[in-house]
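**Q** The following block contains a protein sequence and its predicted model.
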Amino acid sequence: MAPIITLLTDFGTADGYVGEMKGVLLTEVPGATVVDISHELPAHEVEIGRLTVARYWRRFPPGTVHVAVVDPGVGSSRAALAIQSDGRFLVGPDNGLLSPALLIGGARVVALSVPTHASATFHGRDVFAPAAAQLARGVEVGALGSPANDPIVRRTPEPHRDTSGDLVGEAIAVDRFGNVITNLVGMRGGRVVVAGREIPVRRTYAELETGEVGAVVGSTGLIEIVVREGRASDILALTRGATIVLR
Amino acid sequence: MAPIITLLTDFGTADGYVGEMKGVLLTEVPGATVVDISHELPAHEVEIGRLTVARYWRRFPPGTVHVAVVDPGVGSSRAALAIQSDGRFLVGPDNGLLSPALLIGGARVVALSVPTHASATFHGRDVFAPAAAQLARGVEVGALGSPANDPIVRRTPEPHRDTSGDLVGEAIAVDRFGNVITNLVGMRGGRVVVAGREIPVRRTYAELETGEVGAVVGSTGLIEIVVREGRASDILALTRGATIVLR
Amino acid sequence: MAPIITLLTDFGTADGYVGEMKGVLLTEVPGATVVDISHELPAHEVEIGRLTVARYWRRFPPGTVHVAVVDPGVGSSRAALAIQSDGRFLVGPDNGLLSPALLIGGARVVALSVPTHASATFHGRDVFAPAAAQLARGVEVGALGSPANDPIVRRTPEPHRDTSGDLVGEAIAVDRFGNVITNLVGMRGGRVVVAGREIPVRRTYAELETGEVGAVVGSTGLIEIVVREGRASDILALTRGATIVLR
């Protein structure tokens, strides 16, 4: 079966940087299945990229190679990583972007050797794509560099319990639809307090009236603040970090 | 030959929802050719999605499985459909999005069984992608659910003839270039009246001066209002539903 | 090995035009690997498209067929080209977009025959995709049309040396990150003058402070004006054509 290589970047596509990476991959791994996850991550937003990686990386079959590049530190001393975790491979900068794979037991991590000819500004083409190609061709992760003992790990903040016993969480992301994703694990029947309002937890958008604010358990099991056919983030003026309480 | 599965959504790509769907598809159909049509449909705009589906669904070879998800009613009682029509397969919500395939003689339609574990907010991943995978692997459409007898069908509005014999149509879409697509079937030599102006029907943009307003017969055979190297929708302040007359 | 066909357009994806092209390609070349470069080029910006083509076209393996369509002159008398150059094939309008391949010794160029049924407004679907399909199936470029003797060639403007011996160049592009790409070939240790300021040439963004303006040698060897974690184009109010001097 053709190896699968996925790409997640904040490069946009119009400048041709992603095209260059695809050319490298298809030259070095003839017949590879190259899959676009996204190139429209907001520029330099490592945290948003991390949450996106968390969503898809284990949905792909074992053996898949995931390349993820949101890399404001390119050319600095930050390490370039290759990871083997839960049967998949991941390649990208050591800035927390690949944390979801590092938090799984048994993950192996190496710091990639950077080729001397590599551009100091475009490791996606000259470091990460070549490493991904090697992994896709079956090279052992251990052969790509030296063990990385202390890679940067980012975690979703944990909610805490306040004196009244409520769980105090926060908004961790806003999606394209203006749904506000929280760090609160979903629970039917709970009540959520957000922006001074108590709102009910529903099973689905369809249990709300058009324009009504509510909470639903989203597709990763976390509570989301939503407005049926509207943008909760705009209507409630919620951004990342806003406090959301589960009562 | 590897089965072809196409994807059309209003999800954007940055949040990773499309990545999750691709992971499901490539896990369940190893070697599938997964084709992005678009993930940039305006959120919840079923009608725009319907016109897009109409453009491409029969351009792909027989056997292709088209997944299309613009689904403001996800989680409600709206049915989830699988369709076999003209040798292709389509999967998506029962809201008119897939109408182009329903209007062809011989179409078979079933209402998909929704798995009990399916997220109430993300049928793209948990209902539509798995159904598409089954069709791509050769499962009969009839095995995926029970016959759907009355799926929602949307149609492009028909122009009508007024007392003077003119055909009165309307703008049905505005494309990326600001071209205004009408429901009037093209006719060389006719004259079009729009926003109080009579404009000529030309064979191509190139028969207009730069900045001149005109009408051309577009690539689906319908009359489009265009401005050479300009945006007709902006210049004439035309939006969907605006009256366009063919004289 | 499956033939590779890449696509670069200014069509966006939502209207379905790109979907139509992919349908044509996958119908005519079963099993082809169709690769998106971008569909988000600014509308009608041939020059930006040319610089993008320059980046990726030779990164793909020999035999690749590149389709590039930024085509404000569609339907006019402008020729439609197919090119064989350095072992790759390119198809697109004769407006300079494909210049990077024309500037290589040994390039062969033909003017495509336009099928009589071709839409006058959508050569991407009816002229370029079918020609690309033929090339991908192994048809000789010479069989697709008649020799084109004088295709339009665009070149990046050359810097000139002023009386003081400085090299006077200009901004040729602004990328997604607001980096300003110049026509000055990189040189470590030089000093760059831009917008009345002298700035140092660094090896990488990481040698700048956050928010500091500098110059780096970009991934194609050209000097770029950058701001670490900021947008140089906005901060220095630089657009294409702005003067940049290398001292």
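**A** Cool, got the structure. Quick caveat, the model's predicted, so the values are computed rather than measured. Numbering: from 1, shown residues only, chains lettered A, B, ... in the order given.

**Q** Can you tell me which residues in chain A are near chain C?
**A** By the rule CB under 8 Å from any CB of the partner chain, the part of chain A lying against chain C is A:11-20, A:22-24, A:26-27, A:30-31, A:34, A:36, A:43-44, A:72-77, A:119-122, A:125-126. Every residue, glycine included, has its C-beta placed from N, CA and C.

**Q** Looking at those residues, which are in strands?
**A** Mapping the residues of chain A next to chain C onto strands (DSSP state E) picks out A:34, A:36.

**Q** Where does the record place the domain boundaries for chain A?
**A** A:4-147, A:160-246 (automatic domain parsing).

**Q** got the buried residues for the worst-scoring helix or strand of chain A on mean pLDDT?
**A** In chain A, no helix or strand scores lower on mean pLDDT, DSSP states H and E than strand A:197-202, which sits at a mean of 90. Across strand A:197-202, burial judged by 16 or more other CB atoms under 10 Å in any protein chain shown covers A:199, A:201-202.

**Q** do stretch A:18-31 as well
**A** Buried-residue list, stretch A:18-31, by 16+ other CB under 10 Å: A:18-29.

**Q** What of stretch A:98-110?
**A** Under the neighbour-count criterion of 16+ other CB under 10 Å, stretch A:98-110 has A:98-102, A:109-110 buried.

**Q** again with stretch A:214-230
**A** A:214-220, A:222-230.

**Q** how many neighbours does residue A:87 have?
**A** The tally of other residues near residue A:87 (other CB atoms under 10 Å in any protein chain shown) stands at 13.

**Q** how about stretch A:148-165 as CSV, C-alpha atoms only?
**A** Extracted in CSV, the C-alpha atoms of stretch A:148-165 (Å, rounded to 0.1, in the frame of the first residue of the first chain):
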residue,chain,number,x,y,z
ALA,A,148,15.6,14.0,22.2
ASN,A,149,15.3,13.8,25.9
ASP,A,150,13.3,16.8,26.8
PRO,A,151,11.0,17.9,24.0
ILE,A,152,8.6,20.7,24.7
VAL,A,153,5.2,19.6,25.7
ARG,A,154,2.1,21.8,25.8
ARG,A,155,-1.0,20.6,27.5
THR,A,156,-4.6,21.8,27.5
PRO,A,157,-5.1,23.6,30.8
GLU,A,158,-7.0,21.6,33.3
PRO,A,159,-10.2,23.0,34.9
HIS,A,160,-10.2,23.4,38.7
ARG,A,161,-12.9,23.0,41.3
ASP,A,162,-13.9,26.2,43.2
THR,A,163,-15.0,26.4,46.8
SER,A,164,-18.7,25.9,45.8
GLY,A,165,-17.8,22.7,44.0
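
**Q** Which positions within that stretch qualify as buried?
**A** So stretch A:148-165, judged by 16+ other CB under 10 Å, has buried residues A:148, A:151-152, A:154, A:156, A:159.

**Q** quick one on the thing from earlier: which strands and helices lie in contact with the least confident helix or strand of chain A?
**A** The helices and strands touching strand A:197-202, judged by 3 or more CB pairs under 8 Å, 6 or more residues apart in numbering or on different chains; DSSP states H and E, are strand A:191-194, strand A:213-217.

**Q** Quick one: residues in contact with the first one.
**A** What it means is strand A:191-194. The contact list for strand A:191-194, computed with CB atoms under 8 Å, 6 or more residues apart in numbering or on different chains, reads A:166, A:184, A:198-201, A:215, A:223, A:225, A:236, A:238, A:242-247.

**Q** Who does that strand pair with, and is each partner parallel or antiparallel?
**A** strand A:197-202 (antiparallel), strand A:243-246 (antiparallel) (DSSP bridges).

**Q** one step back: name the stretch among the domains of chain A that sits most buried.
**A** domain A:4-147 (a mean of 21; mean count of other CB atoms under 10 Å in any protein chain shown).

**Q** Mind checking the pLDDT average for it?
**A** Across domain A:4-147, pLDDT averages out at 97.

**Q** Endpoint to endpoint, it covers what distance?
**A** This stretch, domain A:4-147, spans 25 Å end to end (CA to CA, to the nearest Å).

**Q** and what of stretch A:102-121?
**A** 25 Å.

**Q** do you know how far the closest residue to residue A:5 other than its chain neighbours is from chain C?
**A** Nearest-residue entry for residue A:5: residue A:65, 4.7 Å, with adjacent residues in sequence omitted and distances by CB to CB, 6 or more residues apart in numbering or on different chains. Relative to chain C, residue A:65 is positioned 17 Å away (CB to the nearest CB, to the nearest Å).

**Q** and if you look at residue A:182?
**A** In terms of CB to the nearest CB, residue A:182 sits 28 Å off from chain C.

**Q** Just give me the closest of the buried residues of stretch A:214-230 to chain C.
**A** The nearest member of those to chain C, counting by CB to the nearest CB, is residue A:229 at 19.2 Å.

**Q** in chain A, which spans are helices?
**A** Counting by DSSP state H, one finds helices in chain A at the ranges A:17-28, A:46-56, A:99-102, A:123, A:129-136, A:232-235.

**Q** ok, residue A:233 - contacts?
**A** A:174, A:178-180, A:239 are the contacts of residue A:233 under CB under 8 Å, 6+ apart.

**Q** Need the max-distance pair from those residues.
**A** Across those, the longest distance by CB to CB is 13.1 Å; it joins A:179 and A:239.

**Q** just the angle between the least confident helix or strand of chain A and strand A:213-217, please?
**A** Angle, strand A:197-202 to strand A:213-217, by axes from the mean of the first three to the mean of the last three CA atoms, to 10 degrees: 40 degrees.

**Q** CA atoms of strand A:197-202 as CSV?
**A** What follows is strand A:197-202, C-alpha atoms only, in CSV (Å, rounded to 0.1, in the frame of the first residue of the first chain):
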residue,chain,number,x,y,z
ARG,A,197,-25.5,33.5,31.9
GLU,A,198,-26.5,30.1,32.8
ILE,A,199,-27.2,28.0,29.7
PRO,A,200,-28.4,24.4,29.4
VAL,A,201,-26.3,21.5,28.0
ARG,A,202,-28.1,20.0,25.0
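
**Q** ok so, going back, export the buried residues of stretch A:18-31 as TSV, with columns for distance to residue C:137.
**A** Below are the buried residues of stretch A:18-31 laid out as TSV (distance: CB to CB, whole Å):
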residue	distance to residue C:137
A:18	27
A:19	23
A:20	26
A:21	27
A:22	22
A:23	21
A:24	25
A:25	24
A:26	19
A:27	21
A:28	25
A:29	23
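
**Q** Give the rounded mean pLDDT of the strand ranked longest in chain A.
**A** Looking across chain A with DSSP E, the single longest strand is strand A:167-174. Averaging pLDDT along strand A:167-174 yields 96.

**Q** Neighbouring strands - and their directions - for that strand?
**A** Looking at strand A:167-174 with DSSP bridges, its partner strands are strand A:160-161 (antiparallel), strand A:180-185 (antiparallel), strand A:243-246 (antiparallel).

**Q** Need the ones you listed in JSON lines (columns: mean pLDDT and distance to residue B:86).
**A** Output for these, formatted as JSON lines (pLDDT from 0 to 100; distance: least, CB to CB, whole Å):
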{"stretch": "strand A:160-161", "mean pLDDT": "96", "distance to residue B:86": "57"}
{"stretch": "strand A:180-185", "mean pLDDT": "96", "distance to residue B:86": "40"}
{"stretch": "strand A:243-246", "mean pLDDT": "95", "distance to residue B:86": "48"}
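
**Q** Out of the helices and strands packed on strand A:197-202, which gets nearest to residue C:136?
**A** strand A:213-217 (46.2 Å).
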